[in-house]
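> got a predicted structure plus its sequence, pasted below:
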Amino acid sequence: MSRELHRYYHALADDTDERVLPSPDRLRHGADRRARHRAALASLAVAGLVAATVAGSQLVLAAGPEPVAPPPAGTPAPTPPPTTAGLAEKPSPAPSTPSGTRTPGGRSPAAPSSAGRPTAGAPTAIPDRAFFALPAANDAGTGNQFGPGAVLPVLCGSRPGTESIVASRARTLPYRRAGAPADAVPSGSYRHSITIYRAGRAGEALAELRVAVRACPAQPVPEAPSTIVRQRLLPDSGYGDESVLFETRRPYLDANGEPSGGDEVHLVRAVRSGDVVTVLWEQGWESTSTERAQFDADSRRAVDALRRWLD
């Protein structure tokens, strides 16, 4: 061994001999203290980390979401994705029936139509004021006698204007001619009627009346079969929307039922105003004939009263 190495060993022995090793209790106590110190440092580190996390989340919540800038003008809005919610509640449209097909019951579907229906706002009842009043000079003092009965003469069994009637009302009105004595019997009698037709059917009623008169120029008188009554249309205008005027003509009969010379003539005028028709049928009184001037004047009174009511 060299001298240098021997001197180093000798110095190391001197240092070791001077240091006293601590006892086992001191060594254990020191180790426990160092362990507690490391645990405390770890706990502090964890607590600090938790506090920092909570503080950061509060700052984020307080700041709120960052506002989104609106899309530039002209940019179409995004279309939401399709959804099936509510499809079960949405009713399916009713299947349409093609023209010319038949329904399950085997009948062809009828197309809606306004033909034959009452006009909106049209009257459905006829009051007394719809009928005209006679002037005092022509009033026979009998008043109106409303009731059922024929409103037209017999025309070979035809019944013109009886279809599509909404309402009808008729009266019998005796009258006297101007200048007749107050105690004299009536000069004649009117059968005056007013009939409301369904929309557009009043014109058809007057057309049927014209046809019926033309188709029945002559017929036996029911109560005297050997006597013939004749009907013919007369020209007419200036009453209502349109009018039909015709006469009935039959020979005067004596007590034995034989012609006595001359004819008993009565006039019938039907006037249409819209969907309403008024008929003035002069029937005479005890074989009197119609006086045309009186009949025309009372026809105008009937039309004027009808218009006042309808207006």
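Ah, there it is. Residues are numbered from 1 along each chain as shown.
> may I see the buried residues of stretch 150-167?
Using 16 or more other CB atoms under 10 Å as the test for burial, stretch 150-167 gives 151-155, 158, 160-161, 164, 166. The way it works is simple: take the backbone N, C-alpha and C, and place the C-beta from them, glycine included.
> and the two most separated of those?
Val154 and Val166 (24.5 Å; CB to CB).
> ok, so of the buried residues of stretch 150-167, who is nearest Glu291?
The closest of the buried residues of stretch 150-167, once distances to Glu291 are taken by CB to CB, is Pro153, at 18.2 Å.
> all helices of this protein, in order?
For the chain, applying DSSP state H gives helices covering 3-18, 24-63, 202-215, 292-310.
> among the ones you listed, which gets the worst mean confidence?
Here the helices of the chain differ in mean pLDDT, and the lowest is helix 24-63 at a mean of 49.
> and the pLDDT at Asp183?
84.
> how far away is it from Thr288?
Remark: distance between Asp183 and Thr288 (CB to CB, to the nearest Å) = 17 Å.
> more neighbours: these two, which one.
Thr288 (18 against 5; other CB atoms under 10 Å).
> pretty sure that one sits against Gly188.
Yes. Judged on CB atoms under 8 Å, Thr288 makes contact with Gly188 at a distance of 5.6 Å.
> Cys216: what's it in contact with?
155-156, 158, 231 (CB atoms under 8 Å, 6 or more residues apart in numbering).
> turn these into TSV, including pLDDT.
Formatted as TSV, those follow (pLDDT from 0 to 100):
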residue	pLDDT
Leu155	95
Cys156	95
Ser158	93
Gln231	97
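> strands - which of those land there?
Per DSSP state E, strands hold the following members of these: Gln231.
> of all the contacts of Cys216, which two lie farthest apart?
The widest separation within those (CB to CB) is 11.1 Å, between Ser158 and Gln231.
> how many neighbouring residues does Pro148 have?
The burial count for Pro148: 8, using other CB under 10 Å.
> separation between Ala125 and Arg272?
Noted for Ala125: a distance of 19 Å to Arg272, by CB to CB.
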